[in-house]
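Q: The amino acid sequence is not available; the structure is as follows:
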């Protein structure tokens, strides 16, 4: 933000950014819940808009995978979202909000993984991006399917983590459900929606390479368990 010599912020000045934020103590809000503590959550959802169309529309993450994807904070930029973007570009923001994290991202990832194990929390990676091909070829995931998948995860209808209920993605290593109420089976498999295996895997490897390149700056801080939570295959 822009401040004058007295430290007064000019919120109307957009010369640095149009997207400013402010934080304040919770007691500045009337009618707050005291104490402001809820019960342990049972499900956590990471949202990503994969413009390459290669991530499953929903996948269940192990604690190591949850930590890895939390550190990565992947989404994609597409034409129209930012100036100068004309084709899909991978975008990574640690913990899905890097500017607001005072500690190193691995600290939060280790905390997440530990709390998952202690509390039995399920973490899901939800792709609201493209299916049937990348941006410009495929289509955006239908909102009704995303809603159905999240509802099934919350209700327990997606079932336990086992081979009968889930398929382990050959590139990303995440577990994608084989069936989900209200969602066509084909939609659950990103590869099946492409109808072109060569093009699908070529694009999938392009994205996993981007993951690997981004994660280099965290490798020396991340545990072996977290490093193993990343994609399983890369292109060389």
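A: Perfect, thanks for sending it. All values derive from a computational prediction rather than experimental measurement.
Q: Show me the strands in this protein, by range?
A: 43-48, 58-61, 74-77, 89-92, 122-127, 130-131, 139-140, 166-168, 175-177 (DSSP state E).
Q: Rebuild these as TSV, extending it with distance to residue 3.
A: C-betas here are computed from N, CA, C, even on glycine. What follows is the strands of the chain, written out as TSV (distance: least, CB to CB, whole Å):
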stretch	distance to residue 3
strand 43-48	33
strand 58-61	41
strand 74-77	30
strand 89-92	29
strand 122-127	39
strand 130-131	41
strand 139-140	40
strand 166-168	52
strand 175-177	48
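Q: Residue 72 versus residue 99, what's the distance?
A: Separation of residue 99 from residue 72 (CB to CB, to the nearest Å) stands at 16 Å.
Q: Tell me which of those two has more neighbours.
A: More crowded of residue 99 and residue 72, by other CB atoms under 10 Å: residue 72, with 26 against 7.
Q: Need the strands of the chain in JSON lines (columns: mean pLDDT, mean neighbour count and distance to residue 20).
A: Shown next, in JSON lines, are those (pLDDT from 0 to 100; neighbours: other CB atoms under 10 Å; distance: least, CB to CB, whole Å):
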{"stretch": "strand 43-48", "mean pLDDT": "96", "mean neighbour count": "16", "distance to residue 20": "23"}
{"stretch": "strand 58-61", "mean pLDDT": "96", "mean neighbour count": "25", "distance to residue 20": "33"}
{"stretch": "strand 74-77", "mean pLDDT": "88", "mean neighbour count": "21", "distance to residue 20": "21"}
{"stretch": "strand 89-92", "mean pLDDT": "89", "mean neighbour count": "18", "distance to residue 20": "20"}
{"stretch": "strand 122-127", "mean pLDDT": "96", "mean neighbour count": "22", "distance to residue 20": "28"}
{"stretch": "strand 130-131", "mean pLDDT": "96", "mean neighbour count": "26", "distance to residue 20": "31"}
{"stretch": "strand 139-140", "mean pLDDT": "94", "mean neighbour count": "14", "distance to residue 20": "29"}
{"stretch": "strand 166-168", "mean pLDDT": "94", "mean neighbour count": "16", "distance to residue 20": "42"}
{"stretch": "strand 175-177", "mean pLDDT": "96", "mean neighbour count": "23", "distance to residue 20": "38"}
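Q: among these, which is nearest residue 196?
A: Closest to residue 196 of the strands of the chain, according to CB to CB: strand 130-131, at 13.3 Å.
Q: helices or strands up against the closest one?
A: Applying 3 or more CB pairs under 8 Å, 6 or more residues apart in numbering; DSSP states H and E, one finds that strand 130-131 contacts strand 139-140.
Q: Which of the strands of the chain sits closest to residue 222?
A: Using CB to CB, the nearest of the strands of the chain to residue 222 is strand 89-92, at 14.2 Å.
Q: how far does that closest one sit from the chain's center?
A: 11 Å (CA atoms, centre = their mean, to the nearest Å).
Q: What pairs with it, parallel or antiparallel?
A: strand 74-77 (antiparallel) (DSSP bridges).
Q: so where's the chain shaky on pLDDT?
A: Residues of the chain meeting the criterion pLDDT under 70: 79-86, 235-236.
Q: can you rerun that using 80?
A: 17-22, 78-88, 160, 233-236 (pLDDT under 80).
Q: in the lengthiest helix in the chain, what counts as buried?
A: For the chain, the helix with the greatest residue count under DSSP state H is helix 197-219. For helix 197-219, burial by neighbour count (16 or more other CB atoms under 10 Å) applies to 200-201, 203-208, 210-211, 214-215, 218.
Q: Which stretches in the protein count as helices?
A: So, for the chain - with DSSP H - the helices run 63-72, 105-119, 143-155, 190-194, 197-219, 224-227.
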